[in-house]
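Peer 1: Predicted structure and sequence below. I'll ask about it afterward.
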Amino acid sequence: AEQLVVAIDGPAGSGKSSVSKEVARRLGAAYLDTGAMYRAVTFAALESGLDLEDQDAIAAAVRAADIELTTSPDAQRVLVGGRDVTAEIREPRVSGAVSAVATNLAVRENLVARQRAAIEAAGRIVAEGRDTTTVVAPDADARILLTAREEVRLARRGLELNNSQSAEQLAKQVSERDKRDSTVVNFTEAAPGVVLVDSSDLDFEQTVQAVLATVAEQS
Ligand code: C5P
């Protein structure tokens with residue numbers, strides 16, 4: 001298939017993962033969830049009992065980390081050291097710790113290199129995260145910032161997590177994670193050349209269509 005790189009960034013709960021996956025399917029492209037890589041490193045660090053604030057220990061851990069991601073939008077698996085941790089990396093203990101790991105610059109440098117390699121290997125791919133439009137793939141054929149108003153994002157998040165946590169706890173966790181994440185990456189406003197898609201008043205299909213239209217215009 002023809003080469004095509006689509007980069008999609010956005011905050012937690014913007015619906016970017018499900019939208020990106022569906023866009024990848026319709027484009028016949030691979031799918032790269034860069035957040036899953038930060039989650040995988042965080043999971044590995046927690047399993048080894050590392051102090052997440054110990055910059056050097058975390059830097060060493062990311063270099064040693066054996067992370068495998070399948071890039072099919074239909075069967076997304078994440079393996080750490082050969083162990084399938086697809087479900088574990090979504091647990092609240094990982095979500096609560098991931099920002100601490102993601103603000104480590106050695107971690108970012110290491111994972112960005114792996115993400116670029118994955119994009120290069122796939123050729124036709126939708127990559128999704130916080131800095132794919134600006135750092136990982138600034139030369140992508142299409143670059144989109146997918147946002148939604150905060151109250152919409154929190155509501156969507158609540159629906160996704162089946163009330164495994166109280167709505168209030170969840171709201172707090174999501175906005176705190178966004179706040180911490182935005183200290184290293186600006187994903188709240190579109191960088192030059194990045195097209196903003198606001199999904200607040202769009203349903204899932206309309207959002208997918210808006211993203212596909214933007215991809216068609218840009219590429
Ligand atoms: O996308 P998701 O919410 O699963 O990402 C989990 C975490 O990984 C984010 O909260 C952020 O700390 C980190 N991340 C990042 N850069 C990316 C993708 C994710 O720092 N490109």
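Peer 2: Here it is on my side, so go on.

Peer 1: Other residues contacting the lowest-mean-pLDDT helix or strand in the chain?
Peer 2: Across the helices and strands of the chain, mean confidence by mean pLDDT, DSSP states H and E is lowest for helix 150-160: a mean of 76. With contacts defined as C-beta atoms under 8 Å, 6 or more residues apart in numbering, helix 150-160 is touched by 11-15, 148, 167, 170-171, 174-175, 199-200. For every residue, glycine as well, the C-beta is placed using N, CA and C.

Peer 1: Over to stretch 50-70?
Peer 2: Here stretch 50-70 has contacts from 32-33, 36-37, 40-42, 44-46, 48, 76-82, 97, 100-101, 104, 106-107, 110-111, 114, 118, using C-beta under 8 Å, 6+ apart.

Peer 1: average model confidence for that stretch?
Peer 2: When pLDDT is averaged along stretch 50-70, the result is 96.

Peer 1: near the ligand, which residues of the chain show up?
Peer 2: 12, 34-35, 38-39, 98-99, 102, 129-132, 177, 181, 185 (C-beta under 6 Å from any ligand atom).

Peer 1: Counting neighbours, what do you get for the nearest residue to residue 133 once chain neighbours are set aside?
Peer 2: Leaving aside its sequence neighbours, residue 133 sits nearest to residue 143 (C-beta to C-beta, 6 or more residues apart in numbering; 4.0 Å). Each residue near residue 143 was counted by other C-beta atoms under 10 Å, and the total is 25.

Peer 1: May I ask which helix or strand encompasses residue 143?
Peer 2: strand 142-147 (DSSP states H and E).

Peer 1: Kindly report the same for residue 108.
Peer 2: helix 105-122.

Peer 1: next SSE after that helix?
Peer 2: strand 124-129.

Peer 1: before we move on, back to that, show me the residues of the chain next to the ligand that map onto helices.
Peer 2: Using DSSP state H, the subset of the residues of the chain next to the ligand located in helices is 34, 35, 38, 39, 98, 99, 102, 177, 181.

Peer 1: Using JSON lines, please lay out the residues you listed together with neighbour count and pLDDT.
Peer 2: Shown next, in JSON lines, are those (neighbours: other C-beta atoms under 10 Å; pLDDT from 0 to 100):
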{"residue": "34", "neighbour count": "26", "pLDDT": "98"}
{"residue": "35", "neighbour count": "20", "pLDDT": "97"}
{"residue": "38", "neighbour count": "24", "pLDDT": "98"}
{"residue": "39", "neighbour count": "25", "pLDDT": "97"}
{"residue": "98", "neighbour count": "24", "pLDDT": "96"}
{"residue": "99", "neighbour count": "20", "pLDDT": "94"}
{"residue": "102", "neighbour count": "27", "pLDDT": "96"}
{"residue": "177", "neighbour count": "18", "pLDDT": "85"}
{"residue": "181", "neighbour count": "22", "pLDDT": "83"}
